[in-house]
Structures are given as structure tokens and as C-alpha cells.
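Q: Here is a sequence with its predicted model. Questions after.
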Amino acid sequence: MSLLLQKIATKHVKTLIIKYEPCVLVISNRKLNIVPSFYDGEQDPAPKFFTPNVQNLLKRLTRPDFTKVFRKRNNQGLHALKTPKYKFLTKEELELEIAKANEKADVLLQIPPVLKIHKPIDEVLSRDPALIGYDTSKYLFTDITFGIANEERIIIERDTDGTLRSCDHDIRKKLNQVYFPITGRKIREPHMFSDEEKFHNLLDRGEYEFVLDRACIQYEPDEPIFQKITSITYQHVDNNKCYNTLRSTRHFGSMTFYLTWHQSIDNLMLEIIQSGFIREAVLLAALRHDVHNDVREGTAAQSLAQEIFTTPLLLSKLERLTEEDIQLDSKCIQCIEKYIVSNSTIKSQHELALQGFKEDFQHLSELRKGLEKAHGNV
Amino acid sequence: MCSKILTLSNVLSRPMQLFFKPNATSNLKPNINVTSVACVSFFNKLPAEKLWKSVTSVSNAGAKKGRGKGAGRIRIRDLNRGQVIGTGKVNMLWPGLSAPVIRGRELLKQQKLPDDPERMEKLIKIRDSMTKFRRLKLSSIERGWSGSRMPGRSIGPPDPIGEGGDRKWSRSCWFGLGKAKEAPAALRKAKNRAGQKLMHFEIYNGHTIFHDFFTAFGKTKIFVQKKNEGYGLKCHRAIREICQAIGIKDIRAKLEGSNNLQHIVKAFFIGLLQQRTHKQLAEEKKLHLVEYRAENEYYPKVVASPTEVRTKDQIPRDETLHFVQYVMNDKVILRKKKFPPFYEKMPHYKIYLKKYEKYRNHEKIRQMLKVEYGDVKSFLNERFPEEKVEQSET
């Protein structure tokens, strides 16, 4: 009996049942099969990430829907709703307003930077063994001049053994928060990040955007904790295929870059093809080529991506196709077919999805031909 | 009274019959025709209203002197109370009326049931209890603006005339004025007159009007403002009733001048009818109408577009382009300057602010301590844990 239970226990890691006479004890072990990863010293993602090409690809892949980007949020600080204001605008004024709104959207959708972990600071300014026994505690000195960036601020400590050294990152961050606080950032580590149970509970509930937003406020992008949290979250999203929760937010770009960097874009590719956004699939292939240079027809994908940039953003599947749409989409289909052959690890599923898309595409193009005939424009 | 007359005739007929019966063969014709027939007099010819009026009404001269209002005033009593059709002084079973025609397999027949000697006493008791004027017992939902008085209470739908038909009652409202000598009659007239004049209104997003407006009728002026979801109906109670009927949930209506109820209602209806939808406004102005909402980070949302749009050159210099000004017909609402409260000028106020600075943030700190440690505790009160023990003892 115990052997069987042991077998069950080893297979299903989520719940662990121990039979202890006379009662049965059930321990729920919320262990996720996710291993956090960091951008360690050897491979620096920053040079690849900050290229304009990669940035454009990531922005395009997030598929920003302004109704979601500018949606009503409950944590904005608005205590009560306000009456809407109305304006009469001419066409030019309206275009100006829309341009301003696009800039605001760009700010809201700024992708959090992907950097490698910061090196520990270990600079000793002076050694004064004469000060041993002066006091039982360290002294911390912070330069609180207004106008200096937090990263450049001079924060030094005098240890009990007399050495004067620059403080390490965690003390620096704490003191910067004390003297120049950022709203939303807490000095004490929030429970949701320190407690594994709570963190996994949040992820299971699907609160990806909340977790990532709070992580962005609480930590800097080059901290190991931030990398750990975001990597676990992105893997969880990838496992559950809930990409739509992060679309139209700033986190989709960093998630896509993470998945591309770690060579696990297959699920994302599958989801994109299944939703019918073949152009985004090409963009993803081009992104992979930019990061890893290992797509066989990579340069073709990149040039096609450039062509796609000129077309307007699609928020949903096309109902009607124009001639240019048909040409572009057929090129995209060819590109993706080659990609699946060379770079996909779940070839069968990808091919099945692409087959489904091809059928839809054919149906739509036939419909178009029929309409053209009916209108007499053959 | 009528019943009493019946008994008299019975009393009369019996001795008459006895008197004439032994001489049945005589040639004397009985002059008195005795049959038990109900007497017909003015009691039976006139309706109860008129009869009571004759007893209770007061002459013009008497009314001038204030007669007929005091303690001796006779109250009109409804004599039908306590009586059911089918029951009467002679307690009989009427199949089809007070009993079923067929009970089981048996066909019932008219039969006399035993008398109820206390019937009259019961009726008299009921009629005696009707003397005092009783306040209507209303539940809180039925209550109007003040107690059990009529203003603010719902009278119900108008009386149907002919076929009912299926008209859409939502987003529509009506009002009517009725005058009569008695209150219930006046109410009925108003109700029915209102039913004739149905008015349809359009609402923005199902909760408020399209734009602010100003209306007036007589000396009553109303400034109406469009408000956001959740604001509520901040207006005169009559306007609130109208809004509830139409379906407006958020509005602010400031009354100025006279508060004559009829004028308020008329003014408000005039304003609602003169409202223009966003599409109409865009067409009038030939410009895009764009909405900015604070909760959507003031994203410019085009609400209505005209068929052709004007350019900047085509707009004359003096034209009002400001939305609220245009919609209020160039009327500007006076916004009084808000002055600081009187105590801020007092000499001790600055000293108070300096003293209060110590405790200004304490509420937030207590909250944060409870969030982080579960209790209001810190390294400062770790040294005195007895306080906690005392609390647990008490």
C-alpha cells in the first residue's frame, strides 16, 4: 500500500499524501515545474535588445489595442469618476490629438529593459583599523544632493572594522528609497514575492499583469530577483498559453524576447498561427533570426518583416482581402512553411495549424475572386 | 333602514290577512293590496353618495361661519362594508352564488339555513368603528414625499380605454394636470390625462442626458448638468421622479427662482425635448465631436462625425467652439470663488499646523504596521509587552 502511495507521490508532485495511522494527512505541495533563469554574465542580451529593429518587432508583436491600453483601471488613484468632456474638432486638430494619444500609448507600452545581472560593487575607499571598537554598528553616508541620478549617488559605509567602502546594490536601493521614494516601491520586500506559496497562487489565478507591474515598480531590471520573478512568470504564461492577458501591455515585448532568447517560441508561434495572424508569425521568425541568427531563410524573413511594417496593424482576423493582402499573405505562408521545416520542434502541430490557416485563406481569396466577378472587375 | 321598512310591511300584511280570511265568501273587496314587496322610496332611488351628502353637507352660509368642520361632523360610512352578496338578513343558501351548484354528485337547491342572530350587531360594530378618520397604513416603499399624503405617491397606470396595445413604456414619460372637487377624482383625471400625452426621450448610454442645458418656464429656471455614472439624481424631488420614469440615473439640476411644481415639471420637459443628440450636434456644427474621459487617460474618442467636416478657415472668428458654451446657448454659469474657511485666518492656526505635523501621518503608519506585522507594533513598543498581556486578560 505504501509503495503505491510512494509511486503516486513521485508522479504527481502537486499533492503529496502521507498515510500516518490512525489519520490520513494530506499535504498540498504547490511546486511548479518551472526553473527560474537569469541573464548571467556570459551572454548579454542588452546589445541585441536595444537595436531599433528588435524594438520595432517587439512593439508590433504586442498588437496594441487602444481600448485595452487606455482602459479604466481601479488603481489609478481616481476616487470617483468624472464627467466626460467634449470638444468640437476639425480634421487636422483631430489628427493632432490622435498623434498625442499615440505618444501617450508609446509611454504606456514602453518595454521594460532586458539587461544582464549587475555586478556586485566592491570598492574600498580606505582602511582605517584605528577605528575598530569605535561603535558597534555600521555608519551609512548618503549624498542627498537634489539633481543627481539615483544610480550615480554616492552611498558609502563605514564598517565596524574601520573600512570605508561603497555600498552594495541592496543597501543603495534601500537608502535611495528612503530619501527619494518612488511611489509604489516598498522598503520591505512584498510578501507576494518573498512567499513562494502566495506567488504561485497569484500565477495560478492568472494575475500576470499585476505581478509583472508590481515587479517593475519594486525592482530594477538588472536585479537577480527581478529576473527570477519575470522568468517564472513568463514560463508560466508560456505553459498555460495565456498570451492574450499580456497583449497590449508593455510586458508582452519582454516576454517574447525572453522566450526567443531561451529558444522556446514554439507555443507562441502555434498560438499566433492558430489565431490567424500569419504576419505576426513572420515577425516572430525574423525576431528569432535577429537574436540567434539560426533561421534558414532568415534574411528573407527579415525583408518580409520590413514589408509588413509598412502595412497597418491588424487587431483581428481580416474579413475581406485585397490584392496586396493576398500577395503578402501568400509570401508569409511560404516563409512560415520554410521556418517550420527548419526550426520548429513541434512540427506536426505547426503544420496542422498552418494547414487550417491556408484553408481559411483560400476560402477568403476565392470569396474575393467571386466578389470581383460579381462586380464585373475581372 | 330599508330592511326595517320590509319588516313593517310584513307586520301589516299578516293582521290584514287574518282579518279578511273568515269572510272569504263576502262580497267586500279588500281595498288593501297586501303583498310582501319592497317599498320604493327615495332611499332606493338615489345612490349612497347623494344620500350621505344630504345628511352631511353644509349650506353656503354655514360654511362661511365654519360649520361642519368640528367634532360633531358626521362621517360618511360605507354601509357595504361587512356584507357580502349572497348573505343577508334571511340566511339562505343560493347555489351558484354563495355555494357551488353541484357538490360531489348532489345538485344543491335553495334552502334556508339557520339564522345568525348576531349579524346586525356585527354590522353595527363595524360601522361604529368607521367613525374616526384613520391614517392610511403605508409601507415604506409606497410612501411618497411626506408621510401618507398623496404628493410623491404612485397612482398606478392610467385606466385603459379600448384596447391596451403593447406600447414601449421605457424611455417615455407623461404628465397631466387634473382638477376636481374631490381628491380621488382629481387624481383620476390627472392620471388619465397624462396617459394621453406620451413623450419619448433619448438618453446617452442609458444613464444620463446628452449635454448640459438651461430651461425656464415662468419664473422657474433650471440649470441641468450631465454627470458621470454613479453620480445619482441630485435634483428636486419632482425632477427625480421624472428621471426615474425616463431612465436617467445621473444628473444635476439646480433650481432657481420660483419652485412652482407645475412650472418645474414643464420646464424640465421642455429642456429634455430641446436636447440634441451627439449626431445632431455634430451635423449642426459640421465638426467632429470628441469625448475625453479621465478614467481612459483622456483618450480622444470620436463620438459623432458629420457627413462633411469644415476646415479651420471656414469657421468664422466669433463662433462658439467651446462645447458647454455652445450647448448652453452662450449662457455661462456663475461659479463663485471658493474662499478658505474662517479658521485659517485665526492667529493660532499656524501653531496648530506645526503641532499637528507630528501626528499628520500616524493614521497611515498604523495602517501600514497592521499590513506588515499584523498589529500596531514596532521596535519601539517591543520593550513593553505587558500592555499586550493586560489587554488579553481583560
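A: Thanks, I have it.

Q: Could you use CA atoms for every contact and neighbour count after this?
A: Noted.

Q: can you pull the contacts of the most centrally placed residue in chain B?
A: The centroid of chain B falls nearest to residue B:153 when counting by C-alpha atoms, centre = their mean (2.0 Å). The contact partners of residue B:153, taken as C-alpha atoms under 8 Å, 6 or more residues apart in numbering or on different chains, are B:142-145.

Q: tell me which of these is nearest to residue B:232?
A: Set against residue B:232, the nearest of those by C-alpha to C-alpha is residue B:145 (18.0 Å).

Q: what number of residues lie near the residue nearest to residue B:282 when sequence neighbours are not counted?
A: Among residues not flanking residue B:282 along the chain, residue B:306 sits closest, at 5.3 Å (C-alpha to C-alpha, 6 or more residues apart in numbering or on different chains). By the criterion of other C-alpha atoms under 10 Å in any protein chain shown, residue B:306 has 18 neighbours.

Q: Wait, a strand at residue B:306?
A: No. Counting by DSSP: H, G, I helix; E, B strand; the rest coil, residue B:306 is not found in a strand; it is coil.

Q: Name the residues of stretch A:43-51 that are buried.
A: A:45, A:48-49 (16 or more other C-alpha atoms under 10 Å in any protein chain shown).

Q: Would you mind pulling the contact partners of that stretch?
A: A:39, A:54-55, A:113-116, A:257, A:290-291.

Q: re earlier: most neighbours out of the contacts of residue B:153, which is it?
A: residue B:143 leads the contacts of residue B:153 on contacts (other C-alpha under 10 Å) with 17 neighbours.

Q: Might you report the residue contacts of that one?
A: B:152-153.

Q: Which stretches in chain B count as strands?
A: Using DSSP state E, the strands of chain B run over B:92-93, B:102-103, B:106-107, B:111-112, B:172-173, B:199-200, B:213-217, B:220-226, B:233-234, B:251-257, B:288-292, B:301-304.

Q: got the contact list for the residue nearest the centre of chain A?
A: Closest residue to the average C-alpha location of chain A: residue A:255 at 2.8 Å, with C-alpha atoms, centre = their mean. Contacts for residue A:255 (C-alpha under 8 Å, 6+ apart) come out as residue A:234.

Q: Domains in the chain, by residue range?
A: I went with chain A, as the question did not name one. Taking automatic domain parsing as the domain assignment, the ranges for chain A are A:1-30, A:36-71+A:94-120+A:191-263, A:124-167, A:265-378.

Q: Chain B was what I was after
A: If you go by the TED database, the domain ranges for chain B are B:79-128, B:172-278, B:280-328, B:347-387.

Q: For residue B:63, which of those is the nearest?
A: Residue B:63 lies closest to domain B:172-278 among these, at 15.4 Å (C-alpha to C-alpha).

Q: near chain A at all, that closest one?
A: Yes. On the criterion C-alpha under 8 Å from any C-alpha of the partner chain, domain B:172-278 is in touch with chain A at B:226-230.

Q: one step back: turn the contacts of stretch A:43-51 into a markdown table, including secondary structure, pLDDT and distance to residue B:76.
A: Listed next are the contacts of stretch A:43-51 as a markdown table, based on DSSP: H, G, I helix; E, B strand; the rest coil; pLDDT from 0 to 100; distance: C-alpha to C-alpha, whole Å:
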| residue | secondary structure | pLDDT | distance to residue B:76 |
| --- | --- | --- | --- |
| A:39 | coil | 78 | 96 |
| A:54 | helix | 93 | 93 |
| A:55 | helix | 93 | 90 |
| A:113 | coil | 93 | 89 |
| A:114 | coil | 91 | 91 |
| A:115 | coil | 90 | 94 |
| A:116 | coil | 88 | 96 |
| A:257 | helix | 94 | 90 |
| A:290 | helix | 92 | 99 |
| A:291 | helix | 91 | 98 |
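
Q: Could I have the buried ones of these as PyMOL selection syntax?
A: To isolate the buried members of these in PyMOL, using 16+ other C-alpha under 10 Å:
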select buried, chain A and resi 39+54+55+113+114+115+116+257+290+291
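
Q: can you list the contacts of stretch A:43-51 in TSV and add distance to chain B?
A: Converted to TSV, the contacts of stretch A:43-51 look like this (distance: C-alpha to the nearest C-alpha, whole Å):
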residue	distance to chain B
A:39	32
A:54	28
A:55	24
A:113	24
A:114	27
A:115	30
A:116	32
A:257	28
A:290	35
A:291	35
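
Q: ok, of the contacts of stretch A:43-51, which one's closest to residue A:196?
A: residue A:39 (21.4 Å).

Q: State the distance from that closest one to residue A:117.
A: Separation of residue A:39 from residue A:117 (C-alpha to C-alpha, to the nearest Å) stands at 6 Å.

Q: same deal with residue B:345?
A: 57 Å.

Q: the more surrounded of those two?
A: Neighbour count, other C-alpha under 10 Å: between residue B:345 and residue A:117, residue A:117 has more, with 19 against 10.

Q: tell me how far the ends of stretch A:151-165 are from each other?
A: Stretch A:151-165 end-to-end distance (C-alpha to C-alpha) = 16 Å.

Q: Name the residues of it that are buried.
A: A:153, A:155-165.

Q: Please apply the same query to stretch B:258-270.
A: For stretch B:258-270, by 16+ other C-alpha under 10 Å, it's B:263-269.

Q: Kindly report the same for stretch A:54-72.
A: For stretch A:54-72, by 16+ other C-alpha under 10 Å, it's A:54-65, A:69-70.

Q: which is the next helix or strand following the worst-scoring helix or strand of chain A on mean pLDDT?
A: Least confident helix or strand, chain A: strand A:23-28 with a mean of 41, by mean pLDDT, DSSP states H and E. With elements assigned by DSSP states H and E, the helix or strand that comes after strand A:23-28 is helix A:46-49.
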